[in-house]
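A.B. asks: how would this look folded up:
(2 chains)
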Amino acid sequence: MSITRRIFGGTALAAMMLAGGAAHADDPVRIALVVKALGIGFFEAANDGAMEAAEELGNVEIIYTGPTSTTAEGQIEVINSLIAQGVDAIAVSANDPDALVPVLERAMQRGIAVISFDSGVAEAGRMLHLAPSSDALIGRTIIQLAADHLPDGGQVALLSATATSTNQNTWIAEMNAVMGDYPGIEVVATVYGDDLADRSYREAVGLMQTYPDLDAIIAPTSVGIVAAAQAVVDQDMVGQVNVTGLGLPSEMAGAIESGASQSFAIWNPIDLGYAATMLAYELSANGAEAAPGAVIPMGRMGELELDDSTTGAMALPFTYDASNIEQFREIF
Amino acid sequence: MSDMTPSGASIPDTTRNIPDRLQSPALKAFKSWETLLLAVAIAIFITNSFLSPYFLNAWNLSDATFNFTEKAMIAFAMALLIIAGEIDLSVASIIALASTAMGYALQFDVGTWGLVVIGLATGLACGAFNGLLVTGLGLPSIVVTIGTMSLFRGISYIVLGDQGFRGYPSDFSFFGQGYVYWVISFEFVLFAGLALVYYVLLHRTNFGRAVYAIGNNPTGALFSGIKVARVKFILFLLTGLMAGVAAVCLTSRLGSTRPTIALGWELEVVTMVVLGGVNILGGSGSIPGVVIAAFVMGLVTFGLGLLNVPGIVMSIFIGCLLIGVIALPRLWAMWRP
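C.D. replies: The predicted structure follows:
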């Protein structure tokens, strides 16, 4: 290191001669955002969120990086170079929950705060995991989205993926658990489109024919929601049947435009990048401890409560409608 | 060659003096590919240490070696194979299959050495399969190994799907994460040892001469009494074995197995070999060249990584480096006939 120190000249020398603590306070807190691969709109948006957090915190430098293809080996090379630079914190969306554990353990041994966001790392390899949302919050959101446009109650049907898909079944169970809060709304049927566009389309058409008074179709799957919206347009039911659930803004923009869908939800990558940066800052610079049950602040996103596996859910899924779809359709 | 004067004739005044060599060995070495590459490596090293304050640090440099050691191990065997006029594009898939076999064996409690043996044996078996198809049926190696590239990794996908194996024994982690002495990792020692073994094999044995002979003129080699098919088969075996060694190291370093392990490595290995001065058409090349090329690629990726240069820029840089280093001697020859 000696040669380069000399090049940096006066400032570096002065910094070295000053008492450690005082000089250290002026160094920016360097937080690295390691994404699955560069050039993915979702993560570019997360970087925007990270920048927003950095501006809010001040004295924070964001290093946005990742491999060219979504491989664990590529992420390990990136993380190795971040360890070498001695960054203060690493927030990673992992391509592989297990393969990153050894390198991230080494990062933590060298005093770097490590969190995973979006796509998690096994417990041994990170201090906490920031999940975009939780099963309970998603279950609550999908029925709320339908209820928002049914003030007088009505009939809704579910169009799910496969009958055995764990995610969808969990969300539907969580939704059923809160149905007591929506007394006027009746779930008339649950059908399965197997996450295939044509099958989902036929099931949606079938629902509208079987239940002529149907008011909304809830599809907690990005394939099903697009197919259902198309079916509503083709059956000339726009305005009568509202399609909602979980979908991607880029795929759903048309359905919002046509009116087949009033609104739908998915996590917001900007909020996710913002919250990940806030948490990384809290752990590295503010001395927060990531232990089961801990509550860690994350700026405008509120607080993150950690469960027994030190995982926390950020927020309710973010709602997309005519007011913001144009902004997000370009992102992901 | 030392005495070109026709025997018996003694006409000293008109005898032309034919030199033993066209140029001195020192000059030849100076003009060689390896020297050029070494100069590039040193230039990159110096540039890196000026550009990043984190570069000149023993631990960081040690970490950086992991970027290329596993690929270089395969590159040694691949260099011999390419010199002999063949190629193996299935090496990355052999890693996947060998790693999957080791992961599968975990449930039978075979112990650390059992896992290593299984990894190496899978590599050997894959190499033998490639070798049999190429030498036994006389198929072109590029076609055969593009096929087995899909086949070997396909088997991993069938076994694993979107799942992974983990829970390797703790002493198994030594191969990919252990240190022999201070910052010298086990992988680096293995890399250096294998470099020496392949140097001796290619440059100091009859087998090595046979490899060059086959690459330059397979028919001529056959008529010179070289068992061409057998040499090629052994080269495929060696390449498979090296992929097995790399699989042990990489699996140990990752501590887990997924079917996507080492995805795309075959091209990085071939890049390393070609950058090392091995003629892609066969017939020439050296192990020292490949060793230096490994360092060049490792130093470039690590140096650019320290500057947080996006990966795509790194790929462009490696591509330009490859074209540049290959084009430079040719341009040199054009300008200075």
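A.B. asks: residue 155: which element?
C.D. replies: Defaulting to chain A. strand A:154-160 (DSSP states H and E).
A.B. asks: look at chain B instead
C.D. replies: Following DSSP H and E, one finds B:I155 within helix B:141-160.
A.B. asks: give me the number of residues near A:Q75?
C.D. replies: By other C-beta atoms under 10 Å in any protein chain shown, the residues close to A:Q75 number 27. (C-beta placed from N, C-alpha, C; glycine too.)
A.B. asks: quick one: contacts for it?
C.D. replies: Going by C-beta atoms under 8 Å, 6 or more residues apart in numbering or on different chains, A:Q75 touches A:V34, A:K36, A:G66, A:P67, A:V92, A:A94, A:N95, A:D96, A:L100.
A.B. asks: check whether the helix holding B:I155 comes near chain A.
C.D. replies: No: residues of helix B:141-160 are not located near chain A by C-beta under 8 Å from any C-beta of the partner chain, the shortest gap being 11.9 Å.
A.B. asks: show me what that helix is packed against.
C.D. replies: Helices and strands touching helix B:141-160, by 3 or more C-beta pairs under 8 Å, 6 or more residues apart in numbering or on different chains; DSSP states H and E, are helix B:91-105, helix B:111-131.
A.B. asks: mind checking how far A:W267 is from chain B?
C.D. replies: For A:W267, the distance to chain B equals 21 Å [C-beta to the nearest C-beta, to the nearest Å].
A.B. asks: next: A:I270.
C.D. replies: From A:I270 to chain B the distance is 20 Å (C-beta to the nearest C-beta).
A.B. asks: figure out the helix or strand that that residue lives in.
C.D. replies: helix A:269-285.
A.B. asks: what mean pLDDT does that helix have?
C.D. replies: Averaged over helix A:269-285, pLDDT sits at 93.
A.B. asks: so what strands line up beside the following helix or strand past that helix?
C.D. replies: Later in the chain than helix A:269-285, the nearest helix or strand by DSSP H and E is strand A:295-297. Strand A:295-297 has its sheet partners listed here by DSSP bridges as strand A:303-305 (antiparallel).
A.B. asks: in the partner strand, what's buried?
C.D. replies: A:L304 (16 or more other C-beta atoms under 10 Å in any protein chain shown).
A.B. asks: show me how far that strand is from its chain's centre.
C.D. replies: Put simply, strand A:303-305 sits 15 Å off its chain's centre (C-alpha atoms, centre = their mean, to the nearest Å).
A.B. asks: swap in stretch B:37-46?
C.D. replies: 19 Å.
A.B. asks: do that stretch and chain A meet?
C.D. replies: No: using C-beta under 8 Å from any C-beta, stretch B:37-46 stays clear of chain A, with a minimum separation of 9.5 Å.
A.B. asks: give me the contacts around that stretch.
C.D. replies: In contact with stretch B:37-46 (C-beta under 8 Å, 6+ apart) are residues B:275-277, B:289, B:292-293, B:295-296, B:299-300, B:303, B:321, B:325.
A.B. asks: among those, which one sits closest to chain A?
C.D. replies: B:G303 (8.8 Å; C-beta to the nearest C-beta).
A.B. asks: sorry, back to before: filter the contacts of A:Q75 down to the ones near chain B?
C.D. replies: A:G66, A:P67, A:D96.
A.B. asks: which ones among the residues you listed map onto strands?
C.D. replies: Among the ones next to chain B among the contacts of A:Q75, no member falls in strands (DSSP state E).
A.B. asks: look up the pLDDT of A:S165 for me, please.
C.D. replies: Value for A:S165, per-residue pLDDT: 76.
A.B. asks: separation between it and A:Y281?
C.D. replies: Distance of A:S165 to A:Y281, given as C-beta to C-beta, to the nearest Å: 36 Å.
A.B. asks: B:G276 too?
C.D. replies: 45 Å.
A.B. asks: higher neighbour count, those two?
C.D. replies: Counting neighbours by other C-beta under 10 Å for B:G276 and for A:Y281 shows that B:G276 has the greater number, 29 against 26.
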